[in-house]
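1. next one to model:
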Amino acid sequence: MELVKTKLDGVYIVEPKVYGDNRGWFMETYSEKAFKDAGIDVTFVQDNHSYSAQKGVLRGLHFQLNPMSQAKLLRVLRGTLLDVVVDIRKGSPTYGQWISVELSADNKKEIFMPRGMAHGFVTLTDDVEVHYKVDNLYAPKLESGIIYNDPDLKVDWGTDKVILSAKDTVLPTFKECVADFRYGEDK
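-> Residues are numbered from 1 along each chain as shown. Here you go, the predicted model:
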C-alpha cells in the first residue's frame, strides 16, 4: 500500500495494492506497519458503515471536539463519492484550506485524516456504502461542523443539488464555528 501525502499536513490518500486473478481480487485496506512507516501513530477503536441511497446526498462538514476528536480512515465499498477534508487546526500553514478526492469501489482509494479536520462527502452515484475507522468513540454532545456551502471556504462539491440532513442545514460558518484544535496537537 502507498500513502500519498496531500497539501494538508497529515492527510493521506491511501492507494492499496490490488492483487487480481481469474477468481477476483485481494487487497490490504489497513496496515499498522505501513502507517507507522509513514509516521502515523494511530489506534483505531471503532468501525462505522454508512449507506446513502441517492446521488447528491451530502454528509458534512463534520468533526468532534476535544477530548473526543477523531482521526479517520475512510473507504467506499459501493458506488462513488467526492470526499472533502478541511484543515481547522489553528496555526496550521493550511488552516482553512481543503482538498477533495474521488473515492469509489472501483478505484479502491482511501483517505486518512488526522484529528483537527472537518470532513464531509457528497455521493456521485446512487447506492453508496462507506466504511471508516476512527480512533475515538462517537460522542454526540461533542459533535460539531461547518455548513457545507460556507462562503469563505468555497468548497466545490461538483454539484448544486444536494440532499442534506436537518442538522446539516443549520451548521455554523467557518468563521462562526468553535473548533478547539491547534496545529501540532492533533494526537
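
2. C-alpha from now on. contacts and neighbour counts both.
-> Will do.

3. and E176, how far is that from D152?
-> E176 sits at a distance of 11 Å from D152 (criterion: C-alpha to C-alpha, to the nearest Å).

4. and for L73?
-> Remark: distance between L73 and D152 (C-alpha to C-alpha) = 27 Å.

5. what does T94 give?
-> 14 Å.

6. the closest residue to V134 other than its chain neighbours: neighbour count?
-> Spatial nearest neighbour of V134, excluding adjacent residues (C-alpha to C-alpha, 6 or more residues apart in numbering): K72 at 4.6 Å. The tally of other residues near K72 (other C-alpha atoms under 10 Å) stands at 23.

7. you'd agree K72 is up against D135?
-> Yes - counting by C-alpha atoms under 8 Å, D135 is a contact partner of K72 at 6.8 Å.

8. bridging residues for Y132?
-> The partner list for Y132 in beta bridges (DSSP bridges) reads N48, L74.

9. an error on my part: the question was meant for V14.
-> Here V14 sits in beta bridges with L3, E110, as judged by DSSP bridges.

10. shaky segments in the chain?
-> Within the chain, the segments meeting pLDDT under 70 span 186-187.

11. mind listing the strands for it?
-> For the chain, the strands defined by DSSP state E occupy 2-5, 12-15, 18-21, 24-27, 46-52, 58-64, 72-78, 80-87, 98-104, 110-113, 117-123, 128-134, 143-145.

12. the ones you listed: which one's closest to V162?
-> Closest to V162 of the strands of the chain, according to C-alpha to C-alpha: strand 58-64, at 6.0 Å.

13. need the residues that contact the closest one.
-> Outside strand 58-64, the residues within contact range by C-alpha atoms under 8 Å, 6 or more residues apart in numbering are 69-70, 116-123, 139, 142-148, 162-165, 168.

14. of those, keep whichever come out buried.
-> 69-70, 116-123, 144-148, 163, 168 (16 or more other C-alpha atoms under 10 Å).

15. what's the separation between the residue nearest the centre of the chain and L77?
-> The centroid of the chain falls nearest to H119 when counting by C-alpha atoms, centre = their mean (4.6 Å). Relative to L77, H119 is positioned 18 Å away (C-alpha to C-alpha).
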